[in-house]
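**Q** Sharing a model prediction with you, sequence too.
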Amino acid sequence: MNARLSSMRTPLGRVRGYGSARSGTEHFIQQRLTAIANIPLTIVAVLIVISLIGRNHAAVAQILGSTPVAIVMLLFIISIFYHMRIGMQVVIEDYVHEERAKYALLILNTFIAITAGFSSIYAILRLSFGV
Amino acid sequence: MADAKGPAARPLSPHLTIYRPMLTMMMSIAHRITGAALYVGSILLAWWLLAAASGPNAYATFQSAASSSIGRIVLFGYTWALVHHMLGGLRHLIWDTGHGFGAAEREWLARANLAGSVALTIILWIVGGYLMGGLR
């Protein structure tokens, strides 16, 4: 079927990016997928954090770097930082309508999430590999 | 007859200022606010992990900040936001299956969300406080 006829949208409307750009479903699925992953990962991560309260640095470093804890923490970090980035994206899109400010904040959001996320991953790997 | 100036006064859908505050509405707002708060919280998480990876001095700096009174208030808020957002997320996942939309159900879910987040946060802090004194 001709793509132009399959939609009521004008080509201009589609190019401007208003309404569906055929990526909303993907966003929704990623949001829910990370939400589901976050539940068990957060429960385990909270238990790990609680078990580390009051311990000295050597013990914390050893436990965080141990294989099962490191793997859970890495999965937890990837899932929450991804969820956090796409969640904040929606908040920005909902409240910031001025184009330049909106795109600046969307870029900043991605930079913050990636920087904090990869810093956390780096920290876990460093503890794990003992370098 | 028609005034050409300005856009036509089209009907707008009702917004926050129109509605009487309701629990479910407040919980929706709280879900978004706790989500935004967790954004800041996860940066604190990154700090904690980097401090642990950097060595005893950096870790001691984090620990003294975390155990200060402001640090404790922030961490208590982080705990509540995390639990509240997670339970709120569970509510959304229930709604995704098409259940829980009835008048009684959604009120019950909102109350359970709020009560559960407060109760769980207090339980987590009691356990944490016990471990703080118990382990070294």
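**A** That came through fine.

**Q** Contact partners for the most centrally placed residue in chain B?
**A** Among the residues of chain B, the smallest C-alpha distance to the mean C-alpha position (C-alpha atoms, centre = their mean) belongs to B:T34, namely 2.5 Å. With contacts defined as C-beta atoms under 8 Å, 6 or more residues apart in numbering or on different chains, B:T34 is in contact with B:W80, B:A81, B:L82, B:H84, B:H85, B:G88. The C-beta positions use only the backbone N, C-alpha and C, and glycine is treated the same way.

**Q** Tell me the secondary structure at it.
**A** Under DSSP: H, G, I helix; E, B strand; the rest coil, the three-state class of B:T34 is helix.

**Q** and if you look at B:Y19?
**A** Reduced to three states by three-state DSSP, B:Y19 is coil.

**Q** Nearest residue to it in space, please, no chain neighbours.
**A** Here the nearest residue to B:Y19 in space, its sequence neighbours aside, is B:M25; by C-beta to C-beta, 6 or more residues apart in numbering or on different chains that works out to 6.5 Å.

**Q** Which of the helices or strands spans the one you found?
**A** In this structure, B:M25 is located in helix B:23-54 according to DSSP states H and E.

**Q** does chain B sit close to the helix or strand harbouring A:P68?
**A** Counting by DSSP H and E, the element that carries A:P68 is helix A:67-95. Yes. Legend: contact between helix A:67-95 and chain B by C-beta under 8 Å from any C-beta of the partner chain is shown at A:M73, A:I77, A:I80, A:F81, A:M84, A:G87, A:M88, A:V91.

**Q** and the spatially closest residue to the fourth one that is not a sequence neighbour, what does it touch?
**A** Closest residue in space to A:F81, ignoring its immediate chain neighbours: A:G117 at 3.4 Å, by C-beta to C-beta, 6+ apart. Neighbour list for A:G117: A:I77, A:I78, A:F81, A:Y82, B:A46 [criterion: C-beta under 8 Å, 6+ apart].

**Q** Packing partners of the helix holding A:P68?
**A** Contact analysis of helix A:67-95 by 3 or more C-beta pairs under 8 Å, 6 or more residues apart in numbering or on different chains; DSSP states H and E lists helix A:24-52, helix A:57-65, helix A:99-129, helix B:23-54 as its packing neighbours.

**Q** now with 10 Å?
**A** If contacts are counted by 3 or more C-beta pairs under 10 Å, 6 or more residues apart in numbering or on different chains; DSSP states H and E, helix A:67-95 sits against helix A:24-52, helix A:57-65, helix A:99-129, helix B:23-54, helix B:69-96.
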